[in-house]
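Trainee: need a structure here:
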Amino acid sequence: MRAARRPGRGHDGVRRMRRPRPAEPGLLPGWLRVLPLVLLVGVGVAQSLAPHWVQLGFLFAALPPLTSLIYGPVRTALLGVAVVVLLILPVTRAPHISDADLAAVAVIALFSVLISWIRSRYARDLIVVRDVAEAVQRAVMPPLPERVGHLGCTGLYRAAQVGALVGGDLYDVRAGPYGVRALVGDVQGHGLAAVGTVAAMLGAFREAVLDEPELRGVAGRLDRRLLVDRKAGLGPAAGAAGRDGRAGEGGEAGGAGEAGEADEADEAGETGEEAAGEAQRATEMFATALLMEFAPAGREAGEGAAQAHAGARPEREGAAEPRAGTLRLVVCGHPLPLLLRDGGVRELAVDPSPPLGLNLPDEPGPRETTVALRPGDVLLGYTDGVTEARNAEGAFYPLADRIAQRLREGEWRQGQVGPAALVDFVWRDLTEFTGRIEDDVALLSLSVPP
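Mentor: Predicted coordinates for the structure are as follows:
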C-alpha cells in the first residue's frame, strides 16, 4: 500500500486529480517561447557590431535545433530560413563563413524541421493516450458533489505515482434507500497495478448501497468481491505473474527439448518456480475499509432491537445527547475516523474488524458501531498514507494533534469548520510537515448540517 511517488494540488470540493499535459507552445512560459527570436536578433545585432575577427555568426547554427524543441515544424522552418538569410547578408555575415558553412547550417535547419515534426507528432499521440487514460481513471473515481443527501462532503485524492490519477486508495459517497453511505479504503498494492482492485471494490460498494439493508452486509459484499477476484487470479500482480508464468513455461519446455543440457533444464525449473511464486503472491488480495452510514434523525427510532440482534455496539458517550441522526460504522483494518465537535477533535471508539479479503475461518463477520450525531459534527476519514507519512527526522504525521492545535489557535471558529476547510488544512499541513509524500493519500470529510 506504499509507493515512491509525488503529490500535487487541486480544486476544492472535488477529487484533485489534475496534472499537466505534455509541453506545448501554448503551455510553455512566455520567456521560453520568445527565446529563439531574442537569440536570433541578439546574435545578429552583436555580429554586426563586433570587430571583424569576432565570429558570432556560428551561434546561428544552434538556433534551429533549439527552436525544434519549443515550436512545431512551420515555425522551426521559418526561423531556419531567417538564420540562413542573416548569414548571407553582408552586415551580419561573419568574415570567415564560407559557402560550405552556409550549406551546413541549411542542413542543420532541415534536420531541425524534421526533429520538430517528429516531436510534435509524438506529443499529439501522447496527449491522446493520456486523455484516454485520464478519462478511464475519472470513470473509476468521478468527482464528488458538494452535497450528498443532507451531508456536505469534500474529498481529496492524491496518487503518489507520477502521472497517475488513481492509485491504491479509494473513497466514495452515495445516497441510497438506507441513508447516505461512505467508503474510504486502501487496497493491497499501489499505482496503476491496483486500479483494477479499486474499480472492483467501488463497483461492489455502489451496488451494495442500493441493495443491502445493513452496513455489515455492504462490508460482506466487498469482502466477497475480493475473494472472488482472488480465486480468479485478478490480484494487483496478476498480469505480471501471468507474463512471468508464460515465460517460465517456455523456458522449461526449451530446457526439456535439449537432451543432455542439465544446466539449462535446472535454470528453466527455477524460472518456473519463480513464476509460481509470483502467481501465489498475485492471489494474496486484501483491503482495509472504513464504511459509514448516516441515517437521518427519526429513522433510527425503532431499530434498536434490530441492531441488538445484529450485534451492533452503540457508543455510550453520545446516548443522551440531542441527535441529528445516527452514524453507523464498520472498520475493517482501517485507520479510525476523527470526529470534530464543540471545538475539539477525537478518534471515534470503534470495534474494529479484520481487513477484507483474508477469508478468516474463525471470524464471525464485520462488527458494527453506532454513534449518535449532533448538529454541526464533522467527520474525517483518511488512509494510512496520511498517518504513516514521516518528516525528515522520521517522525510520523500526528493528524489528530495537528487538527487539535489548529482548533486551539482559534483560526476555526466553532461551527465554521467545514469539510473543504478541514481537507485543505490537512493536505497543506501534511505536505509542509513531510516535504514529500511517498504513498497514496485519500481524505474524505463529511459534515452534518448545523
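
Trainee: which secondary structure elements does whatever helix or strand residue 154 lives in contact?
Mentor: In the assignment (DSSP states H and E), residue 154 maps to strand 151-158. Counting contacts by 3 or more CB pairs under 8 Å, 6 or more residues apart in numbering; DSSP states H and E, strand 151-158 is packed against strand 169-176, helix 419-434, strand 441-447. C-beta: built from backbone N, CA, C; applies to glycine.

Trainee: Quick one: mean pLDDT over the top helix by length along the chain.
Mentor: Using DSSP state H to define each element, the chain has its longest helix at helix 99-140. Averaging pLDDT along helix 99-140 yields 85.

Trainee: tilt between the strand holding residue 154 and helix 419-434?
Mentor: Angle of strand 151-158 versus helix 419-434, following axes from the mean of the first three to the mean of the last three CA atoms, to 10 degrees, is 30 degrees.

Trainee: Okay, now the sheet partners of strand 151-158, with direction.
Mentor: The partner list of strand 151-158 in its sheet, established with DSSP bridges, is strand 147-148 (antiparallel), strand 441-447 (antiparallel).

Trainee: out of these, nearest to residue 33?
Mentor: strand 441-447 (34.6 Å; CB to CB).

Trainee: Dump that closest one to CSV, keeping only the CA atoms.
Mentor: Output of strand 441-447 as CSV, limited to C-alpha atoms (Å, rounded to 0.1, in the frame of the first residue of the first chain):
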residue,chain,number,x,y,z
VAL,A,441,-3.3,9.9,0.1
ALA,A,442,-7.1,10.0,0.4
LEU,A,443,-9.1,12.3,2.6
LEU,A,444,-12.9,12.4,2.9
SER,A,445,-14.7,14.9,5.2
LEU,A,446,-18.4,14.8,5.8
SER,A,447,-20.4,17.4,7.8
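
Trainee: What average pLDDT does that strand get?
Mentor: Here strand 441-447 scores 94 as its mean pLDDT.

Trainee: just stretch 225-237 next, same as before
Mentor: Taken as a whole, stretch 225-237 has a mean pLDDT of 77.

Trainee: What of stretch 418-429?
Mentor: On average, the pLDDT along stretch 418-429 is 92.

Trainee: Begin at 216, not 1, for the rest of this chat.
Mentor: Understood, numbering begins at 216; the last thing we discussed is stretch 633-644.

Trainee: Return the set of buried residues in it.
Mentor: Within stretch 633-644, the residues scored as buried using 16 or more other CB atoms under 10 Å are 633-642, 644.

Trainee: do stretch 572-582 as well
Mentor: 572-573, 581-582.

Trainee: Show residues contacting it.
Mentor: Here stretch 572-582 makes contact (CB atoms under 8 Å, 6 or more residues apart in numbering) with 403, 431, 434-435, 438, 441-442, 445, 500-502, 526, 528, 545, 547, 566-569.

Trainee: Out of those residues, which sit inside helices?
Mentor: Cross-referencing these against helices under DSSP H gives 431, 434-435, 438, 441-442, 445.

Trainee: Return the residues in contact with the nearest residue to residue 637 once chain neighbours are set aside.
Mentor: Distances taken as CB to CB, 6 or more residues apart in numbering put residue 660 closest to residue 637, at 4.8 Å, once the chain neighbours are dropped. The contact partners of residue 660, by CB under 8 Å, 6+ apart, come to 368-370, 593-596, 634-635, 637-638.

Trainee: cool, and residue 327?
Mentor: So residue 327 contacts 279-280, 282-283, 291, 295 (CB under 8 Å, 6+ apart).

Trainee: relative to strand 384-391, how tilted is the strand holding residue 369?
Mentor: Angle, strand 366-373 to strand 384-391, by the same axes, to 10 degrees: 160 degrees.

Trainee: which stretches of the protein form helices?
Mentor: Along the chain, counting by DSSP H, helices occupy 245-264, 278-283, 288-303, 314-355, 410-426, 430-446, 453-472, 477-497, 519-525, 599-602, 614-623, 634-649.

Trainee: count of residues packed around residue 390?
Mentor: By the criterion of other CB atoms under 10 Å, residue 390 has 17 neighbours.

Trainee: Distance check, it against residue 290.
Mentor: Going from residue 390 to residue 290 by CB to CB, to the nearest Å gives 53 Å.

Trainee: Likewise for residue 633?
Mentor: 48 Å.

Trainee: okay but residue 319 is in contact with residue 273, surely?
Mentor: No - contact between residue 319 and residue 273 fails when scored by CB atoms under 8 Å: they sit 10.1 Å apart.

Trainee: How about stretch 252-265, which residues are buried there?
Mentor: Judged by neighbour count using 16+ other CB under 10 Å, the buried positions of stretch 252-265 are 254-255, 258-259, 262.

Trainee: what residues are up against residue 547?
Mentor: Applying CB under 8 Å, 6+ apart to residue 547 gives the contacts 434, 438, 502-506, 567-571, 581.

Trainee: just these now: which is nearest residue 329?
Mentor: For these, the nearest to residue 329 is residue 502 (50.2 Å; CB to CB).

Trainee: For that closest one, give me the pLDDT.
Mentor: We have a pLDDT of 92 for residue 502.

Trainee: Beta-bridge partners for it, please?
Mentor: Residue 502 has the following beta-bridge partners by DSSP bridges: residue 402, residue 571.

Trainee: How many residues are close by it?
Mentor: For residue 502, the neighbour count with other CB under 10 Å is 29.

Trainee: got it, and residue 432?
Mentor: Number of residues near residue 432 (other CB under 10 Å) recorded here: 17.

Trainee: try residue 357
Mentor: When neighbours are defined as other CB under 10 Å, residue 357 has 12 of them.

Trainee: Over to the one 3 residues further on?
Mentor: Using other CB under 10 Å, residue 360 has 12 other residues around it.

Trainee: Done for today, thanks.
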